[in-house]
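S.K.: Sequence plus the predicted model coming up.
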Amino acid sequence: MVNSRLVVDQLVSEVVGRRRESELVVAALSADRHVLLEGPPGTGKSTLLRGVANAIGLGFEFVEGTAELTPARLIGHFDPALVLAEGYSPDIFVDGPLVRALRQGSLLYVEEINRVPEETLNALVTVMSEREVHVPRLGRVAAEPGFRLVAAMNPFDAVGTARIAGAVYDRVCRVAMDYQSAEDERSIVAAQHHDPASQLGFAAVELVRATRTHPDLRTGSSVRGAIDLCLVSCKLGEIRGLPADDDTVTLDAALVALSGRVRVREGVSRSAEEIVTELWRSVFGRSDAGEHERSEGKVESPTPMSRAT
């Protein structure tokens, strides 16, 4: 493996606010361990893992964790038509992502592993322990050097998820990832919005962060919501012939960007749109959200933030 410090430095330049997590992931992989990243959506789990694979020069096999991920889809299968014509032969076996990763010594990345059926998880547990898989009529496929499982999962109480077995936790190094700081999220939005001094960007981040602590919301928005709010505001303003920070523009952009990302708690009679509107008023209803925050000592002025980004 290449120099771990150089790998971390490269990752930090690609993933904002994730030096500690980058160090932990690189250290675990350098120690030939499997890794599980656990945290809310939009916290950079996939970006970090893809960046690690690229930085250390390993292949990367992506698997989307869903309830439809069967062992056959993960491991591979014999082509039915060729089996009828030629019988079972190693030449007609179609490698799945797990077998490809084993043969090539690649990282097997399983996204949202806690949505994967238990039967498929059991196959992964065996591979993590034995570094090989036994396929009926094909035989043993051993892992080449470099193979590791890297997985990501949302909190277990997210919709469609379940607690994963202790056997999985016992075979991985777990790295917890929470939302980045407000400053980091402003930097992310500024990079996407291409305006590091934008008051719209400051307010969008404040609004998104408020969704995570609202008592009527079970799940708030990631920083992706703030990015979309800014980008939609700019385009909507052009269509309406209004500034991007016009009240009618930012409210509609907030509803478009956030109403589908937040989840209302059970038993709450209000809709997501009503809660987003309430939060929009609390942030954008002020004469200048950015100036208000700066007067309270909460954020830096645009000029130093611009230099930092």
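M.R.: Cool, got the structure.

S.K.: What is the strand or helix carrying Ser129 packed up against?
M.R.: If you go by DSSP states H and E, Ser129 is part of helix 118-130. Using 3 or more CB pairs under 8 Å, 6 or more residues apart in numbering; DSSP states H and E, the elements in contact with helix 118-130 are helix 71-75, helix 97-104, strand 132-135, strand 148-153, helix 166-169. Placement of C-beta: from N, CA and C, glycine included.

S.K.: what's in contact with that helix?
M.R.: Counting contacts by CB atoms under 8 Å, 6 or more residues apart in numbering, the residues outside helix 118-130 that touch it are 34, 69-71, 74-75, 98, 102, 110, 113, 116, 133, 143, 149, 164-165, 167-168, 171-172.

S.K.: Quick one, which of those are buried?
M.R.: Buried by 16 or more other CB atoms under 10 Å: 34, 69, 71, 74-75, 98, 102, 110, 113, 116, 133, 143, 149, 164, 168, 171-172, out of those.

S.K.: In the chain, what helix or strand scores lowest on average pLDDT?
M.R.: In the chain, no helix or strand scores lower on mean pLDDT, DSSP states H and E than helix 302-308, which sits at a mean of 31.

S.K.: For the biggest helix by length in the chain, C-alpha coordinates in CSV please.
M.R.: Scanning the chain for the helix with the most residues, using DSSP state H, yields helix 223-240. The C-alpha trace of helix 223-240 is given here as CSV (Å, rounded to 0.1, in the frame of the first residue of the first chain):
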residue,chain,number,x,y,z
VAL,A,223,-26.3,19.1,3.3
ARG,A,224,-27.5,18.0,-0.1
GLY,A,225,-30.7,19.8,0.8
ALA,A,226,-28.9,23.1,1.2
ILE,A,227,-27.0,22.6,-2.1
ASP,A,228,-30.3,21.9,-3.9
LEU,A,229,-32.0,24.9,-2.3
CYS,A,230,-29.3,27.3,-3.6
LEU,A,231,-29.2,25.8,-7.0
VAL,A,232,-32.9,25.7,-7.5
SER,A,233,-33.3,29.3,-6.2
CYS,A,234,-30.8,30.5,-8.8
LYS,A,235,-32.7,28.8,-11.7
LEU,A,236,-36.1,29.6,-10.3
GLY,A,237,-35.1,33.3,-10.0
GLU,A,238,-34.1,33.3,-13.6
ILE,A,239,-37.4,31.9,-14.7
ARG,A,240,-39.4,34.4,-12.7
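
S.K.: What is the subsequent helix or strand relative to that helix?
M.R.: Reading on from helix 223-240 to the C-terminus, the next helix or strand found by DSSP H and E is helix 247-258.

S.K.: Packing partners of that following helix?
M.R.: Under the contact definition 3+ CB pairs under 8 Å, 6+ apart, helix 247-258 sits against helix 199-211, helix 223-240, helix 272-284.

S.K.: Distance to Gly139, mean pLDDT and mean neighbour count added to those helices, as TSV?
M.R.: Output for these, formatted as TSV (distance: least, CB to CB, whole Å; pLDDT from 0 to 100; neighbours: other CB atoms under 10 Å):
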stretch	distance to Gly139	mean pLDDT	mean neighbour count
helix 199-211	51	95	25
helix 223-240	44	95	20
helix 272-284	52	96	18
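
S.K.: now for the ones you listed, which one comes closest to Leu138?
M.R.: The closest of the helices and strands packed on helix 247-258 to Leu138 is helix 223-240. By CB to CB, the value is 41.2 Å.

S.K.: could you give the angle of that closest one to helix 272-284?
M.R.: Interaxial angle of helix 223-240 relative to helix 272-284 (axes from the mean of the first three to the mean of the last three CA atoms, to 10 degrees): 80 degrees.

S.K.: Give me the residues contacting helix 223-240.
M.R.: The contact list for helix 223-240 (CB under 8 Å, 6+ apart) reads 42, 179-180, 185, 188-189, 192-193, 198, 200-201, 204-205, 207-208, 211, 243-246, 248-250, 252-254, 256-258, 261.

S.K.: you'd agree Val205 is up against Val189?
M.R.: Yes. The pair Val205 and Val189 passes the contact test of CB atoms under 8 Å, sitting 5.7 Å apart.

S.K.: Just read off the phi/psi values of Lys45.
M.R.: phi -60, psi -50 (degrees, to the nearest 10).

S.K.: Repeat that for Val264.
M.R.: Per-residue torsions, Val264: phi -80, psi 140 (degrees, to the nearest 10).

S.K.: wait, what's in contact with it?
M.R.: Going by CB under 8 Å, 6+ apart, Val264 touches 216-218, 270-272, 275.
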